[in-house]
Structures are given as C-alpha cells and as structure tokens.
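J.: would you be able to build a 3D model of this:
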Amino acid sequence: MRNHINKYWTKMSVVLAMIFIITACENSFENGGFEVNSPSNVTSFKIKGVSGQIDQKTGAINITMPYGSDITAVTPEIVLQAGATSNLDLTKPINFTSPVKFRVVNGNLYKDYTVTTVVLSPIKSFTINGVAATVNDISKTITMTLPEGTNLTALKPVIELTEGVSISPASDATIDFSNAVTFVLTANGKSMNYTANIGVPVTGLVVAFLGTAATRAEITNMDEITAADWFFSTFSGAKYISFDSIQNGADLSDVDVIWWHFDSAANLPAIAYKPAVTTALKNFRANGGNLLLTSFASQYVDALGIVPSGKGPNNVFGDFPPNGFVDGNSWGMSFVGHENHPIFEGLTTYESGKANLLQSGTFRLNHTAWWFVPEWGGYVNGEGWRNQTGGINLASEAWDNNLDGRVTIAEFPNTGTNKNVIVISMGAYDWYNETNSSGVPSQANEFINNIKLLTQNSINYLAKN
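T.: Numbering: from 1, shown residues only. Presented below is the predicted three-dimensional model:
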C-alpha cells in the first residue's frame with residue numbers, strides 16, 4: 001500500500017510540475033489583463049527624454065511628443081525589471097510613426113507591449129460657430145461642413161494652438177471662406193501653410209436612403225440602422241425609400257442621390273432584381289439621378305447595367321453575428337494618385353494617400369464585395385479593370401499604392417461627364433461594431449469620422465456631377 005501511495009504522489013508531483021511549467025511559460029493574466037507586478041515589466045520607456053505612460057494591465061505604452069518632433073528614427077531609453085530582456089533591437093533607430101510592438105522575457109515569463117506615439121498637432125482645435133473642423137497634419141488641411149444656409153463670407157474661427165505656434169490670419173479674425181483660405185503657421189522660425197476648406201451641404205439637395213424595410217423604423221440590421229441615423233441627422237432634405245415603393249411606382253424625379261447601404265446578407269434580396277425596380281432605377285440614372293452603393297450593395301452595378309454583364313464584384317464574403325473577430329491591425333485603404341479627389345477631402349490620413357477606417361482591436365464582420373483584380377476575371381491589373389468595367393478605381397488595400405490588387409472604391413462611368421455612381425465595397429467600411437459571441441461590446445472605432453466624411457463627401461460629389 002505504501003509503495004502504491006508513493007507512486008501516486010510521484011505521478012501527481014510530475015503532473016503538477018508540468019502544469020506549473022506550462023503556466024510559467026505563458027503570459028500571466030489578472031482580471032482579464034496582464035499581471036501588474038511581473039518580473040517581465042517595463043518600468044520606464046522614454047523617447048528623446050519624454051516618458052511614456054505605461055499601463056501594466058494591458059501592455060500599452062503611450063507617449064505624447066512636442067509639436068515638431070521627428071519620430072521616424074529614434075533610439076528609445078528603456079528600463080526593465082532586473083534579469084529581464086526584450087526583443088527590441090536598440091542597435092538601430094526605430095520608426096515610431098506607427099505602433100511598435102515588442103516582448104519582454106524574464107526566465108519563463110514574458111509580457112507583450114505596444115508603444116503608440118503621438119506628435120502634438122500645431123493646431124489643437126479649430127471651430128466656427130461651435131462646429132469643430134478636421135485638422136489633417138499630413139495633408140495640411142482644415143476641413144469642416146457648416147449647417148445648410150450658413151453665410152461663408154464673414155466667419156470668425158476660434159483657433160487654439162500648441163505652445164510656441166502662431167497663426168495668420170489670427171483667431172477671431174473675420175474671414176471670407178467662400179473659397180479656400182490659406183493659414184500660415186509659424187514655429188521655431190519655420191513657417192508652413194494649411195489650407196482651410198469650409199463648406200455647406202449642397203443647397204436644396206434631396207437625398208434618399210434606400211432599404212428593404214417598408215419604413216426606416218423597421219430596419220433591423222444594426223449597421224444599416226447606424227448608417228441611416230447618421231444620414232438623417234446630417235442631410236436636412238433626407239427621405240426614406242423602400243424597394244416596395246419603387247416597385248409600386250414611387251416618384252424619384254425630385255431625388256438627387258439615392259444611397260443603398262446593404263449589410264444584411266451577402267446575396268442581394270430578390271426585390272432588388274424585380275424588373276419594375278431595375279427599370280425604375282435605370283431611368284433614375286438616365287434622368288440625372290445618382291447612386292451611392294456601399295457594402296454588399298456594391299454588387300448592384302451588374303443588375304443595373306452600370307458595368308458590362310458579369311463584371312460586378314468578383315470577391316464577396318463576410319461573417320454574420322454572432323460570428324466575427326477582432327484583429328490587432330487597423331484596416332484602411334490607399335488612394336495614392338487620387339489624393340485630390342473630392343471624396344477623400346479632409347480624411348485623417350497616416351501618410352499621403354492612405355487612411356484608416358477601422359481601428360485595431362475593434363470587432364468586425366468584414367462585409368466585403370470588391371473586385372479581386374490580379375487573379376480573377378481576367379483583369380490582370382488596374383488598367384485592365386478600368387478598360388473592362390468602364391469605371392475608375394479610386395482606392396485599394398492600404399499596401400497597394402499602384403491600385404492593382406483590389407478595387408475597394410470606384411466611380412462609374414469612366415467619362416468626363418455623368419459620373420453618377422460610386423461604390424464603397426471593403427470590409428473596413430463598418431458603421432456598427434457588434435459584440436462578440438460572449439456578448440462583450442466592441443471598443444469604439446476611432447476612425448468612424450473617416451467613414452462619415454467619406455460618405456458625406458461621396459454624396460456631395462455625386463450631387464454636383
């Protein structure tokens with residue numbers, strides 16, 4: 001019996017030791033986050049003498065640098081717990097313009113950190129009549145839309161600047177914003193120009209939100225609800241149109257732009273293909289009406305004859321609640337070569353011609369209906385796609401500066417006049433971020449204003465062309 005007991009405890013000791021080793025080799029968690037007091041901690045992290053704020057529960061290190069700081073090639077100062085090492089290569093300068101991730105190891109324990117560095121903008125805020133402008137330090141633009149009917153000829157902007165920066169024209173000066181205004185910022189003996197474009201919605205614009213529900217109140221898809229709520233709060237002349245009403249002969253003659261944002265299913269609903277509906281919308285276009293098609297609605301270009309038969313989006317996919325996922329990367333787009341196109345005006349960019357739409361760590365369903373150019377459909381590249389579809393590819397994935405990989409935003413037709421259709425088709429165009437399968441809410445998407453501005457610009461652009 002004694003030998004049996006000894007053998008039993010010997011086996012249990014081995015099992016417990018193995019569990020301890022496996023646990024020790026993993027990240028330590030406490031209440032859903034990293035262990036605060038860990039031998040793998042970073043105790044201090046500095047860039048050019050500026051200390052970062054370290055959150056030991058999440059591994060986030062946030063650093064705010066003075067205006068004008070160059071963070072493209074910096075060797076940080078890092079202090080670790082005794083005995084710990086990191087995989088951060090300090091023999092070469094590091095580019096901190098994007099988040100930098102590294103791991104700290106101490107024995108069998110490790111901890112992952114992400115350094116996010118922000119350089120202060122020279123303009124803290126720019127408001128007119130209480131409305132805040134979007135200030136883009138990369139494109140050096142100041143953009144805002146004031147309420148319909150605002151007189152742009154005599155406005156007084158209230159401008160708050162970072163310490164050591166001056167601006168001309170000055171804050172509270174009366175300025176005519178009928179055309180673009182150049183502001184000259186000066187700091188440390190150097191000057192730079194920012195261009196302010198202050199606009200109002202197109203006067204008398206009648207825009208409509210198209211949906212499969214009989215009324216706006218009966219929309220059930222949260223992405224469509226969120227988009228509609230923004231739409232009706234932004235455009236004073238907005239109305240709701242159902243597919244049933246179009247089939248029954250609704251008068252569309254007073255409508256300038258119809259927006260169909262369809263997020264409910266990868267396949268378009270049968271009502272959209274009814275001859276009475278497609279005929280009505282074809283006539284709407286022929287008579288000068290404009291269409292904005294987003295998410296899965298991008299596929300409608302085929303049924304309406306906007307592209308030749310069979311030349312609609314060839315790569316359609318996405319998840320549906322409760323499925324979905326969280327990605328550690330922000331999702332965006334490249335519109336290099338089209339930086340001056342009106343639909344991209346005022347977007348917050350992270351470099352010229354590149355903007356994010358969906359923040360890292362945000363829950364996503366990746367509803368996508370785009371064109372996969374290089375391998376499917378015989379397009380080969382962007383030029384081949386343009387020749388075969390009659391459209392202009394305005395944006396692709398963030399890494400694709402030649403716009404030869406995916407068509408994520410496009411306008412039709414490819415002529416000097418009558419460009420009356422825009423499609424926005426990538427999964428990053430996500431109005432509502434659902435909870436995960438466990439019911440945990442998604443974090444807020446810090447780039448939602450880019451989605452709103454991209455949509456508003458597209459509607460205004462369509463109304464003017």
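
J.: the stretch 301-450 of the chain: helices as residue ranges?
T.: Remark: helices of the stretch 301-450 of the chain, listed N- to C-terminal, are 382-389, 448-464; assignment by DSSP state H, counting those that start in this stretch.

J.: which parts of the shortest one are buried?
T.: Burial within helix 382-389, assessed by neighbour count using 16 or more other CB atoms under 10 Å, is assigned to 382, 385, 386, 388, 389. The way it works is simple: take the backbone N, C-alpha and C, and place the C-beta from them, glycine included.

J.: lowest-confidence stretch among the helices of the stretch 301-450 of the chain?
T.: Of all those, the segment with the smallest mean pLDDT is helix 448-464, scoring a mean of 92.

J.: for that helix, which outside residues touch it?
T.: Residues lying outside helix 448-464 but in contact with it, judged by CB atoms under 8 Å, 6 or more residues apart in numbering, are 134, 143, 145, 199, 201-202, 205, 207, 227, 230-231, 234-235, 256-257, 259, 290-292, 294, 342-348, 355-357, 419-422, 424, 429-431, 445.

J.: now do 7 Å
T.: Under the criterion CB atoms under 7 Å, 6 or more residues apart in numbering, residues 134, 145, 201-202, 205, 207, 230, 234, 256-257, 259, 290, 292, 342-343, 345-348, 355-357, 420, 422, 429, 431 lie in contact with helix 448-464.

J.: follow-up on the earlier one: and the buried residues of helix 382-389, which is closest to residue 252?
T.: Sorting the buried residues of helix 382-389 by distance to residue 252 puts residue 389 at the head of the list, at 25.1 Å, by CB to CB.

J.: that closest one and residue 159, how far apart?
T.: Applying CB to CB, to the nearest Å, one obtains 45 Å for the distance of residue 389 from residue 159.

J.: residue 369 touches residue 299, doesn't it?
T.: Yes: the pair residue 369 / residue 299 is scored as a contact, 5.2 Å apart, by CB atoms under 7 Å.

J.: who's more crowded, these two?
T.: Counted by other CB atoms under 10 Å, residue 369 and residue 299 do not tie: residue 369 has more neighbours, with 29 against 21.

J.: that one pairs with what?
T.: Residues in a beta bridge with residue 369, per DSSP bridges, are residue 316.

J.: how confident is the prediction for the nearest residue to residue 135 once chain neighbours are set aside, by pLDDT?
T.: Among residues not flanking residue 135 along the chain, residue 123 sits closest, at 4.9 Å (CB to CB, 6 or more residues apart in numbering). The predicted structure scores residue 123 at 94 on the pLDDT scale.

J.: tell me which stretches of the stretch 151-300 of the chain form strands.
T.: Ranges of strands within the stretch 151-300 of the chain are 158-161, 165-168, 181-187, 190-199, 207-211, 238-242, 257-262, 290-295, based on DSSP state E, counting those that start in this stretch.

J.: looking at these, which is nearest to residue 152?
T.: For the strands of the stretch 151-300 of the chain, distance to residue 152 was read as CB to CB. The smallest value, 6.2 Å, belongs to strand 190-199.

J.: in the closest one, what's buried?
T.: Residues 194, 196, 197, 198, 199 are the ones in strand 190-199 that count as buried (16+ other CB under 10 Å).

J.: could those go into JSON lines alongside distance to residue 48 and pLDDT?
T.: Converted to JSON lines, the buried residues of strand 190-199 look like this (distance: CB to CB, whole Å; pLDDT from 0 to 100):
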{"residue": "194", "distance to residue 48": "25", "pLDDT": "93"}
{"residue": "196", "distance to residue 48": "31", "pLDDT": "92"}
{"residue": "197", "distance to residue 48": "34", "pLDDT": "88"}
{"residue": "198", "distance to residue 48": "36", "pLDDT": "90"}
{"residue": "199", "distance to residue 48": "39", "pLDDT": "83"}
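
J.: next, format these as TSV and append distance to residue 151.
T.: Rendered in TSV, the data for the buried residues of strand 190-199 read as follows (distance: CB to CB, whole Å):
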residue	distance to residue 151
194	23
196	16
197	16
198	11
199	13
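
J.: hmm, back to that, could you tell me the least trusted of the strands of the stretch 151-300 of the chain?
T.: Comparing mean pLDDT across the strands of the stretch 151-300 of the chain, the lowest value falls on strand 190-199: a mean of 90.

J.: just name the shakiest helix or strand of the chain by mean pLDDT.
T.: None of the helices or strands of the chain scores lower by mean pLDDT, DSSP states H and E than strand 29-30, at a mean of 36.

J.: what's the domain layout of the protein?
T.: 29-119, 123-199, 207-464 (automatic domain parsing).
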